[in-house]
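>>> Any chance you can model this:
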Amino acid sequence: MEASQSGWIGTSAAALVALIQGWDAEAAMLSARLASDGTGLDATGRAYASTDAKNAVPLTTITV
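This next block holds a predicted model:
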């Protein structure tokens, strides 16, 4: 009885370890994608900010 329980527990533990390793790999991949997307968004935001700064019209030149 103990041997069969031990085998079952060992098999279950191995399956859980495999799942956790898969989740860890997936989390690492998603983190890398988010970092990459964040870098791209940051660069785009900086490009828009510099374009806005170059094309900005000072408020003192606007007449109503």
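>>> shaky segments in this protein?
1-6, 51-64 (pLDDT under 70).
>>> Residue 35: which element?
Under the assignment given by DSSP states H and E, the secondary-structure element containing residue 35 is helix 2-55.
>>> could you say what helices and strands that helix packs with?
Counting by 3 or more Cβ pairs under 8 Å, 6 or more residues apart in numbering; DSSP states H and E, no packing neighbours are recorded for helix 2-55 among the helices and strands. Yep, even glycine has a C-beta here, placed from its N, CA and C like the rest.
>>> Could you check how far residue 19 is from residue 43?
Taking Cβ to Cβ, to the nearest Å as the criterion, residue 19 is separated from residue 43 by 36 Å.
>>> Please apply the same query to residue 21.
Relative to residue 43, residue 21 is positioned 33 Å away (criterion: Cβ to Cβ).
>>> Likewise for residue 29?
With the distance defined as Cβ to Cβ, residue 29 ends up 22 Å from residue 43.
>>> got it, and residue 28?
Applying Cβ to Cβ, the value for residue 28 to residue 43 is 23 Å.
>>> ok, now residue 18?
Using Cβ to Cβ, residue 18 is found at 38 Å from residue 43.
>>> try residue 49
With distances defined as Cβ to Cβ, the gap from residue 49 to residue 43 amounts to 11 Å.
>>> neighbours around residue 19, how many?
In terms of burial, residue 19 registers 10 neighbours under the definition other Cβ atoms under 10 Å.
>>> what does residue 9 give?
Using other Cβ under 10 Å, residue 9 has 10 neighbouring residues.
>>> Contact partners for it?
Residues in contact with residue 9, defined by Cβ atoms under 8 Å, 6 or more residues apart in numbering, are absent; none qualify.
>>> separation between it and residue 45?
Counting by Cβ to Cβ, the gap from residue 9 to residue 45 is 52 Å.
>>> Equivalent analysis for residue 37, please.
12 Å.
>>> cool, and residue 21?
With distances defined as Cβ to Cβ, the gap from residue 21 to residue 45 amounts to 36 Å.
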